[in-house]
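In: I would like to see how this sequence folds:
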Amino acid sequence: MVPRCQVEVLYFAKSAEIAGIRSETISVPQEIKALQLWNEIETRHPGKDMNEVEEKSKDIIKFTPEKLSVDEASQLVISPLCGAISLFVGTTRNNFEGKKVISLEYEAYLPMAENEIRKICSDIRQKWPVKHIAVFHRLGLVPVTEASVIIAVSSAHRAASLEAVSYAIDALKARVPIWKKEIYEESSSSWKRNKECFWATSD
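Out: Down below sits the predicted model:
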């Protein structure tokens, strides 16, 4: 028998008008997911479109020296209106052109970087019907295997979020002023320009 629990659901504003009540307690499986709970709520109010409840789209941008969390980025873009969340996670690899890399170091011009990412989010919304977008980038030292960038996008269907994530990382690398230094095992290091950035010139 599947363990169950009691969940109190509170309704506010338009959702209260649609449901016709302010609160109710429902019995659900303990391991229920957010989207499954939403579907359960809809079945309790047949003929009423709970998706009419407005949910403002969000663009979440974060630069931080702290370790990035894939779970945090994913949770921030969850929406009951969406059936897909697509993620890109860029990590530090341990080699470059035969040299052993022990870590990367990132530096950014934050005012311009944040502004460019907001422009990228706006571009995405003009191209695809996505709901929420989260872009996290780590600054400072990033050891091997740890994430330097996480992009998460939610949408009703998978095609939009998958294409949006691919566009986002390509645009970020081409347009956002972020610099990377590779630190090697033999106590040397090298700042690397992004060959995809628009200000790069050919040698």
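In: tell me the mean pLDDT over the strand or helix carrying residue 61?
Out: Residue 61 is part of strand 59-64, with elements assigned from DSSP states H and E. Strand 59-64 carries an average pLDDT of 97.
In: Show the pLDDT at the spatially most central residue of the chain.
Out: To find the centre residue of the chain, average its C-alpha atoms and take the closest one (C-alpha atoms, centre = their mean): that gives residue 152, at 2.3 Å. According to the model's per-residue confidence, residue 152 sits at a pLDDT of 98.
In: For this protein, just list every one of the helices.
Out: 13-19, 34-43, 70-77, 110-127, 158-175 (DSSP state H).
In: List the buried residues for the second one?
Out: Residues of helix 34-43 classed as buried: 37-38, 40-41 (neighbour count, 16 or more other C-beta atoms under 10 Å). C-beta coordinates here come from the backbone N, C-alpha and C atoms, glycine included.
In: packing partners for that helix?
Out: Packed against helix 34-43 by the contact rule (3 or more C-beta pairs under 8 Å, 6 or more residues apart in numbering; DSSP states H and E) you find strand 23-29.
In: Also the last one?
Out: Secondary structure elements in contact with helix 158-175, counted by 3+ C-beta pairs under 8 Å, 6+ apart, are strand 84-91, helix 110-127, strand 130-138, strand 147-155.
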